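Engineer: sequence and predicted structure, then a few things I'm wondering about:
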Amino acid sequence: MPERKTETMTESGRECKDFACPRHGNISLRGRSFYGNVIKKFPKRVVIEFMRTIFVRKYERYAKRKTKLHARLPDCMFNEISIGDYIEIKESRPISKIIHFVVVGKVNKENEKDKGRIEEEEK
């Protein structure tokens, strides 16, 4: 049986004892990843929301839908992430009844927009 990392120092000087931490824990991240805004924050979990478009065949139009996903918030990232932040989550094994994702980190929206603009200018 593989050993779990239990005590690791983080950048803020605190120990990260969370098994579901992508940086310090022993959890594999596989599958899909999503980006969204944090709308709720709990001690070990966040809820993110993002927009997606779906095609409605009957009307031959696209409709906007909101999706909410629950993700595990590791102890070492608790102070970094607050309500309204734009974050990335990745799929993992089921951690609880509603949590199937883990927070990977905060994403800066301005940098993402600049990357796309710079890539278009290079073409």
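Structural biologist: Perfect, thanks for sending it. Numbers count the residues shown, from 1 in each chain.

Engineer: distance from the helix or strand containing Glu88 to the middle of the chain?
Structural biologist: Glu88 belongs to strand 86-91 when elements are defined using DSSP states H and E. Between the centre of strand 86-91 and the centre of its chain there are 2 Å (Cα atoms, centre = their mean, to the nearest Å).

Engineer: one more: stretch 88-99?
Structural biologist: Per Cα atoms, centre = their mean, the displacement of stretch 88-99 from the mean C-alpha position of its chain is 10 Å.

Engineer: and if you look at stretch 67-85?
Structural biologist: Centroid separation between stretch 67-85 and its chain, computed with Cα atoms, centre = their mean, is 7 Å.

Engineer: could you dump it to CSV, C-alpha only?
Structural biologist: Output in CSV follows, covering the C-alpha atoms of stretch 67-85 (Å, rounded to 0.1, in the frame of the first residue of the first chain):
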residue,chain,number,x,y,z
THR,A,67,-23.3,24.6,-14.4
LYS,A,68,-22.3,24.3,-10.7
LEU,A,69,-19.7,21.9,-9.5
HIS,A,70,-18.4,21.1,-6.1
ALA,A,71,-14.6,20.7,-5.6
ARG,A,72,-12.4,19.8,-2.7
LEU,A,73,-10.4,22.8,-1.4
PRO,A,74,-7.1,21.7,0.1
ASP,A,75,-5.9,23.2,3.4
CYS,A,76,-2.9,24.9,1.9
MET,A,77,-5.0,26.8,-0.7
PHE,A,78,-7.7,28.0,1.8
ASN,A,79,-6.3,31.5,2.2
GLU,A,80,-5.4,31.9,-1.5
ILE,A,81,-8.9,31.4,-2.8
SER,A,82,-11.9,33.5,-2.0
ILE,A,83,-15.4,34.1,-3.4
GLY,A,84,-15.3,35.6,-6.9
ASP,A,85,-11.9,34.1,-7.9
